[in-house]
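predicted model follows, preceded by the sequence.
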Amino acid sequence: MNSVRIVGGEFRRRVLKFPDSEGLRPTPDRVRETLFNWLGQALDGWHCLDLFAGSGALGFEAASRGAARVVMIEQAPKVLAALHENHESLHKPSAIEIIRADAIQYLASTKAKFDLIFLDPPYKKGWIDRLEPLLPDVLNEDAAIYVEAEYEIKSLGDWRTVRHGKAGEVHFHLLRRETGGESA
C-alpha cells in the first residue's frame, strides 16, 4: 500500500493508505499546502466535490479543514475500498460521503451544488473537455475549481485561472468565475 499524509486541520498528520491503480497520482503535500494557502486555511461550511477521489488526499484534507460536506467520487473498486477504510480510520467524519460512480454520470444526475470542486482526472483521456460543460450546473455562483492537468489551463467556461503552479510535470490551477460587468 502507498500512503500520503493530511497536512492541516483536525486530521493533520494522519496517514491515508491507498493501492496502486492506473492513473492514480496523489496530490503532493506541498501542492496541497499551496492550494489551501490560496483558498484560506479553513473551509468552514463549504460543500466540496472530489470528482476523481483516488487516494482521497484532497477530499479528506477539505474535511479536516472544516468543510461541511465532502462528496468523494471514485469508480475503481480497490481504490474505493481504501477510501472507505481511510474514512473508518478517521472515525467516519459525517461530512464525508463516498460514492462509487462515473464522474460524468454523477455530474449529469446530481442536484447538489458545491463551493469547490477538486478535479484531478487521469491524464491524456480527454476528461477535462468532457466535464467542462457539466460543471456550471453543480457549482454555486462564487464557487472555485481546483484542477490538476498535464498542461496549463487558462479557463473552464466562465471560470478563469487566478492562481497556477507547476510541480514536476503537473500543472495545478485555482479557477474562479469571472465577475464584473462582462456580458456573454
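Good, I have the coordinates. Residues are numbered from 1 along each chain as shown.

for this structure, which strand is longest?
strand 139-149 (DSSP state E).

contact partners of that strand?
Strand 139-149 has contacts (CB atoms under 8 Å, 6 or more residues apart in numbering) with 25, 27, 31, 35, 39, 47, 58, 113-120, 123, 128, 135, 153, 156, 159, 170-177. Where you see a C-beta, it was placed from the backbone N, CA and C, and this is true even at glycine.

could you pull up phi and psi at residue 171?
phi -100, psi 130 (degrees, to the nearest 10).

mind checking how far it is from residue 1?
28 Å (CB to CB, to the nearest Å).

now the longest helix anywhere in the chain: buried residues?
In the chain, with assignment by DSSP state H, the single longest helix is helix 77-89. Neighbour counts over helix 77-89 (16 or more other CB atoms under 10 Å) mark 79, 80, 82, 83, 86, 87 as buried.

for the last one, give me the pLDDT.
Right, the one you point to is residue 87. You'll see residue 87 listed with a pLDDT of 96.

shift numbering so it begins at 55
Sure thing, new numbering starts at 55, so read that last one as residue 141.

nearest spatial neighbour of it, chain-adjacent residues omitted?
Nearest residue to residue 141 in three dimensions, chain neighbours excluded: residue 150, at 5.7 Å (CB to CB, 6 or more residues apart in numbering).

same deal with residue 215?
Sequence neighbours aside, residue 227 is the residue nearest to residue 215 in space, at 4.7 Å (criterion: CB to CB, 6+ apart).

just the element for that neighbour, please.
strand 224-231 (DSSP states H and E).

what lines up beside that strand in the sheet?
Here strand 224-231 is paired, per DSSP bridges, with strand 193-203 (antiparallel), strand 213-221 (antiparallel).

show me the contacts for residue 153.
Counting by CB under 8 Å, 6+ apart, residue 153 has contacts 125, 126, 127, 128, 160.

this structure: helices as residue ranges?
Under DSSP H, the chain gives helices at 83-93, 111-118, 131-143, 157-163, 181-185.

tell me the most buried of the ones you listed?
helix 111-118 (a mean of 28; mean count of other CB atoms under 10 Å).

pull the residues that contact that one.
Outside helix 111-118, the residues touching it (CB under 8 Å, 6+ apart) are 58, 60-66, 68, 70, 80-81, 86, 89-90, 97, 100, 102, 104, 107, 124-126, 140, 144, 147, 149-150, 170, 172, 174, 200.

sorry, back to before: mind putting the contacts of residue 153 into CSV with pLDDT and distance to residue 218?
Output for the contacts of residue 153, formatted as CSV (pLDDT from 0 to 100; distance: CB to CB, whole Å):
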residue, pLDDT, distance to residue 218
125, 98, 26
126, 98, 25
127, 98, 24
128, 96, 26
160, 97, 27
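
need the contact list for residue 210.
Going by CB under 8 Å, 6+ apart, the list of residues near residue 210 reads 182, 186, 189, 199, 201, 229.

for residue 145, see how far away the residue nearest to the spatial centre of the chain is.
Geometric centre of the chain, nearest residue: residue 172, 2.1 Å, by CA atoms, centre = their mean. From residue 172 across to residue 145, the span is 22 Å (CB to CB).

since that was my last question, I'll sign off now.
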